[in-house]
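> Structure here, sequence nowhere to be found:
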């Protein structure tokens with residue numbers, strides 16, 4: 001049974017060109033997420049999982065575009081192949097069908113582990129760069145969402161009994177940010 005070829009693309013906020021991932025790859029439909037790899041909220045991936053049927057092939061540029069880590073990668077590949085869906089990783093040149101050899105499963109684990117390791121190295125270099133930039137005085141962190149006067153007003157309104165969720169919406173901040181401001185008192 002020959003099904004559809006369905007593409008999945010994930011771009012992070014740093015990499016805003018989704019077209020390059022599956023250019024020159026024939027697919028009948030594409031699902032695109034704009035989210036960091038560590039993000040668990042990937043609505044297009046959820047839509048893809050609900051859309052694909054037995055006999056379809058999911059085409060992804062590379063393993064790190066599909067999964068957050070090795071466990072997530074193996075879970076997704078297994079979930080798809082158990083439903084009779086093939087999965088192709090273009091960059092790695094690998095295809096998984098559910099009838100894979102032990103060598104194919106080893107390659108999935110090894111390649112996935114390398115992708116996870118690479119992500120960890122990038123995060124480590126980023127942290128080191130931030131530390132060095134702070135030492136030079138070149139890194140000041142994110143700009144505060146509220147001025148000191150707004151924080152005082154916010155704290156007074158919370159103390160007066162106003163709803164925190166309503167105040168967060170009014171000030172255009174998340175509730176987590178609101179709680180961080182309330183902790184500073």
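That came through, no problem. From a predicted model like this one, the values you see are computed outputs, not experimental measurements.

> so what are the domain limits for the protein?
5-115, 148-183 (automatic domain parsing).

> Which stretches in this structure count as helices?
For the chain, applying DSSP state H gives helices covering 43-51, 63-66, 70-82, 102-136, 148-159, 164-171, 175-183.

> Out of the ones you listed, which is the most enclosed?
Among the helices of the chain, the stretch with the highest mean neighbour count (mean count of other C-beta atoms under 10 Å) is helix 63-66, at a mean of 23. No exception for glycine: its C-beta is placed from N, CA and C like everyone else's.

> can you redo the helices of the chain as TSV with distance to residue 3 and mean pLDDT?
As requested, the helices of the chain are exported to TSV (distance: least, C-beta to C-beta, whole Å; pLDDT from 0 to 100):
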stretch	distance to residue 3	mean pLDDT
helix 43-51	11	93
helix 63-66	18	85
helix 70-82	12	90
helix 102-136	20	84
helix 148-159	54	91
helix 164-171	44	91
helix 175-183	42	88
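
> Need the domains of the chain in CSV (columns: distance to residue 125).
As requested, those are exported to CSV (distance: least, C-beta to C-beta, whole Å):
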stretch, distance to residue 125
domain 5-115, 14
domain 148-183, 27
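
> And these: which comes nearest residue 122?
Nearest of the domains of the chain to residue 122, taken as C-beta to C-beta: domain 5-115 at 9.9 Å.
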